[in-house]
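> got a sequence here, can you build the structure:
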Amino acid sequence: MTCPQCNKVLPDNANVCDNCGTVIQRAQPAQPAQPYMAAPAQYEDPKTKPLTVGNYLVMFLLQLIPIVGLVMLFVWAFGDENISRKNYARAQLIWLLIAIGIGVVVGIIVGIVFASVFAQLGLPSY
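Prediction:
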């Protein structure tokens with residue numbers, strides 16, 4: 001170790017320089033870095049609180065009941081406070097509209113095919 005003032009070589013355990021009297025500041029051993037740990041997320045707001053598995057199970061169970069499931073989808077999509085439940089219900093309603101649209105298109109195509117088959121066979125079509 002050397003004196004920062006006069007650059008004299010000093011013993012490792014010296015606190016003061018023998019030559020100039022400068023107080024020697026010892027380097028503190030480096031503290032090991034603490035690993036970064038994010039604070040756990042606190043969901044105080046019920047709007048942003050994630051749904052639990054139990055919540056999803058109850059939602060699926062309610063959707064199995066024919067009329068109640070449809071009514072509850074509308075209630076959750078347009079009146080619920082929880083964002084996760086609201087987005088889930090809206091997505092379910094969008095899929096339901098898509099399925100109805102596909103069903104209507106397929107129904108029209110099947111109706112046209114049957115009408116043409118009946119016309120070729122000479123059977124009366126209603």
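> for the rest of this, base every contact and every neighbour count on C-alpha atoms.
Noted.
> against residue 104, how distant is residue 98?
10 Å (CA to CA, to the nearest Å).
> longest helix of the protein?
helix 83-121 (DSSP state H).
> so for that helix, what gets flagged as buried?
83, 84, 85, 86, 89, 90, 92, 93, 115 (16 or more other CA atoms under 10 Å).
> excluding sequence neighbours, find me the nearest residue to the first one.
Spelled out, it's residue 83. residue 47 (5.5 Å; CA to CA, 6 or more residues apart in numbering).
> what kind of secondary structure is the most centrally placed residue in the chain in?
Most central in the chain under CA atoms, centre = their mean is residue 50, positioned 8.5 Å from the mean C-alpha point. Three-state call for residue 50 (DSSP: H, G, I helix; E, B strand; the rest coil): coil.
> hmm, residue 86 and it touching each other?
No - between residue 50 and residue 86 there is no contact under CA atoms under 8 Å: 11.5 Å.
> quick one: low-confidence residue ranges for this protein.
Applying pLDDT under 70 to the chain flags residues 1, 26-33, 36-43, 123-126.
> hmm, what's the outermost residue in it?
In the chain, by CA atoms, centre = their mean, residue 19 is the one farthest from centre (66.7 Å).
> for residue 105, see how far away it is.
100 Å.
> report how many residues lie close to residue 17.
20 (other CA atoms under 10 Å).
> residue contacts, it?
By CA atoms under 8 Å, 6 or more residues apart in numbering, the contact set of residue 17 is 3, 8, 10, 23, 24.
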